[in-house]
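**Q** Predicted structure and sequence below. I'll ask about it afterward.
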Amino acid sequence: MTPTEPECPARPEEQQSGGTALYGLAERITGALVGAAVGDALGGPVEGYAPEQIAERHGGRVHGVVGPWHGDAWRTARPIAPYHKGDGHVTDDTLMTHALIRVYARVRDHLDAYAIADHLVPDLMTNPRWIPELETEALPLHRLFLAEKWLVARLAYGHVDPREAGVGNIVNCGAAMYMAPVGLVNAADPAAAYAEALDIAGAHQSSYGREAAGVLAAAVAAAMAPGASPDSVVTACLSLAKDGTREAIEKVCEVARGHRDFESALRPLRAAVAPYDTVGPDYRAPSAAARRPSRLHAIEELPVALGMLLVSGGDYRQAVLGAVNYGRDCDSIATMAGALAGALGSPVPRDWAKTVAEASRLDLWAPARTLTEVTQEIFARDVRRRRAHERAFAALGGSACSD
């Protein structure tokens with residue numbers, strides 16, 4: 001599908017100045033979703049490498065869309081084959097985000113783990129779609145990593161209770177990477193976003209992987225609030241996050257506040273998150289304790305994304321480039337950083353968005369239009385439900401809040 005609106009929500013004068021714009025619901029949702037997809041595409045070709053390796057391969061830091069790490073040999077070069085990562089192709093982060101939006105479009109209300117079993121899994125298994133990295137139409141299931149194939153194994157074939165299906169899966173950022181829509185549906189209500197994402201993610205993840213999904217959704221919801229800033233987003237995360245996830249965010253963000261450019265922050269942010277990251281120093285050779293449940297650890301991607309949001313002052317371009325040049329799981333880090341900066345209202349560069357949409361053969365703006373419409377419907381439902389509760393509570397003799 002080709003893009004029908006090759007425009008980002010930025011006004012030309014705001015994009016040129018680099019300033020943060022104040023947008024309404026539709027524009028902020030668009031910024032978050034387009035911003036996430038563009039971050040994903042920029043990070044894909046350098047995923048798994050260290051900042052020094054990235055700089056050596058590209059003759060300096062990455063500043064936009066780049067080609068595959070192994071050039072024309074991407075079809076056979078390990079460990080990437082057979083995926084065409086680079087040249088503006090989005091990865092499974094975006095494919096899963098768009099799949100979750102399709103579930104919202106079908107249910108048109110808040111979601112839970114059962115919605116994942118009833119709608120997301122069948123969609124992944126039965127509906128062919130264009131897969132940019134495979135350069136063909138295929139079932140999304142065929143592109144997914146093993147942590148996402150777990151959804152199909154447990155829910156479609158194992159018939160596990162959806163609320164518990166995530167138990168036993170490797171603990172990683174698999175659920176967190178596509179939770180931005182939950183934050184958007186619960187715009188300006190981080191606690192509600194956190195609770196809904198935890199329920200949804202129960203079908204996919206456990207432990208700190210599930211916790212990260214809840215906190216990422218809360219961060220996006222906080223970024224949507226009027227007057228939000230990188231600091232207010234981090235504050236909202238710290239008010240909700242638990243265990244190692246909270247500690248990792250706190251430590252990484254303490255370090256991030258001492259930097260104003262991503263170049264100087266690359267090594268310090270990695271050092272700050274390292275004690276909480278189970279993967280270890282060699283991303284391609286995870287440690288023996290990697291991705292196991294723990295109350296002491298955290299995924300690496302979310303704290304670093306929040307750290308880059310602080311380092312950049314909320315500027316989309318700098319937050320995403322910081323995430324990309326950080327390396328390691330940088331497509332997911334850039335997806336999260338891009339969603340957060342976009343939700344704050346920072347303009348997504350038009351040339352990046354146009355390149356990614358055309359290269360990926362995806363309309364990056366259509367999911368945003370769909371989710372905006374659904375979000376408004378859900379809010380109206382929430383208001384009716386709240387009013388009914390207020391009437392019932394008053395009928396029981398409860399006192400109404402004066403404000």
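**A** The structure has been received and is ready for your questions.
**Q** residue ranges for the strands of this structure, please.
**A** Taking DSSP state E as the test, the strands found in the chain are 129-131, 136-138.
**Q** average model confidence for the last one?
**A** So that's strand 136-138. In this model, strand 136-138 carries a mean pLDDT of 97.
**Q** and that strand, what other elements does it pack with?
**A** strand 129-131 (3 or more C-beta pairs under 8 Å, 6 or more residues apart in numbering; DSSP states H and E). Where C-beta positions appear, they are placed from N, C-alpha and C, glycine not excepted.
**Q** Tell me the buried residues in the strand it packs on?
**A** In terms of neighbour count (16 or more other C-beta atoms under 10 Å), strand 129-131 has its buried residues at 129, 131.
**Q** quick one: strands adjacent to that strand?
**A** strand 136-138 (antiparallel) (DSSP bridges).
**Q** residues near the nearest residue to residue 80 once chain neighbours are set aside, how many?
**A** Distances taken as C-beta to C-beta, 6 or more residues apart in numbering place residue 74 nearest to residue 80, at 6.0 Å, with adjacent residues excluded. Per other C-beta atoms under 10 Å, the neighbour tally for residue 74 reads 20.
**Q** which residues touch residue 74?
**A** Residues in contact with residue 74, defined by C-beta atoms under 8 Å, 6 or more residues apart in numbering, are 68, 80, 81, 83, 84, 85, 86.
**Q** For those, which PyMOL command selects only the ones that are buried?
**A** Buried subset of these, written as a PyMOL selection, criterion 16+ other C-beta under 10 Å:
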select buried, resi 68+80+83+84+85+86
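**Q** Show me which pair in the contacts of residue 74 is furthest apart.
**A** Pairwise distances across the contacts of residue 74 peak at 13.0 Å for 81 and 86 (criterion: C-beta to C-beta).
**Q** any idea of the mean pLDDT for stretch 179-196?
**A** 98.
**Q** gap between the two ends of it?
**A** 10 Å (C-alpha to C-alpha, to the nearest Å).
**Q** Flag every buried residue along that stretch.
**A** 179-190, 192-196.
**Q** Provide the contact partners of stretch 287-300 at residue level.
**A** Contacts for stretch 287-300 (C-beta under 8 Å, 6+ apart): 170-173, 176, 206-209, 211-212, 243-245, 247-249, 273, 276-280, 328-329, 333.
**Q** let's see it at 6 Å
**A** Defining contact as C-beta atoms under 6 Å, 6 or more residues apart in numbering, one finds that stretch 287-300 is touched by 170-173, 206-208, 212, 243-245, 248, 273, 276-280.
**Q** ok, now stretch 152-159?
**A** Contacts for stretch 152-159 (C-beta under 6 Å, 6+ apart): 117, 121, 125, 160, 165.
**Q** Quick check, pLDDT for the nearest residue to residue 145 once chain neighbours are set aside.
**A** With sequence-adjacent residues excluded and distances taken as C-beta to C-beta, 6+ apart, residue 145 is closest to residue 92, at 6.3 Å. pLDDT, residue 92: 97.
**Q** Having no further points to raise, I will conclude here.
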